[in-house]
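Chemist: Quick one, what's the 3D model for this:
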Amino acid sequence: MNAQSDNIYAVLRKTVLLVAGVVMLLWFLREVADVLLMSAFALILAIVLNAPVTWLEQRRVPRVWASLIVFVVLIASVVLLGWFVVPRLAGEASDLLSQLP
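Modeler: You can find the predicted model right below:
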């Protein structure tokens, strides 16, 4: 064997290892995408909810109670929004389905 064939094998080996590494990285990212998205959502939610908790804390409400108040208001808002929106959305969907040809 000569130096040129050794060089070709080294380049080929590096290329194969690089492709294998990229494939493994893409597979890993596909597997952990849900975890990363949920973590990002939790982080954003924590940042957003920190402002009202801090505002209540500055008004001498203990942080635990402030967190509980903000959480209850958030859940109540979601429930009320669902209570007002879901029936109207269902009515609109049934109207749409009845008007389809």
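Chemist: Which parts of this protein are helices?
Modeler: Secondary structure of the chain (DSSP state H): helices located at 3-58, 63-99.
Chemist: now the ones you listed as a markdown table including mean pLDDT and mean neighbour count?
Modeler: Using the backbone N, CA and C atoms, a C-beta is placed for each residue, glycine as well. Below are the helices of the chain laid out as a markdown table (pLDDT from 0 to 100; neighbours: other C-beta atoms under 10 Å):
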| stretch | mean pLDDT | mean neighbour count |
| --- | --- | --- |
| helix 3-58 | 92 | 11 |
| helix 63-99 | 92 | 11 |
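Chemist: any idea which residue sits dead centre in this protein?
Modeler: Nearest to the mean C-alpha position of the chain, by C-alpha atoms, centre = their mean, lies residue 37 at 2.8 Å.
Chemist: and that one, what does it touch?
Modeler: Under the criterion of C-beta atoms under 8 Å, 6 or more residues apart in numbering, residue 37 has no neighbours.
Chemist: ok, now how distant is residue 34 from residue 74?
Modeler: Going from residue 34 to residue 74 by C-beta to C-beta, to the nearest Å gives 23 Å.
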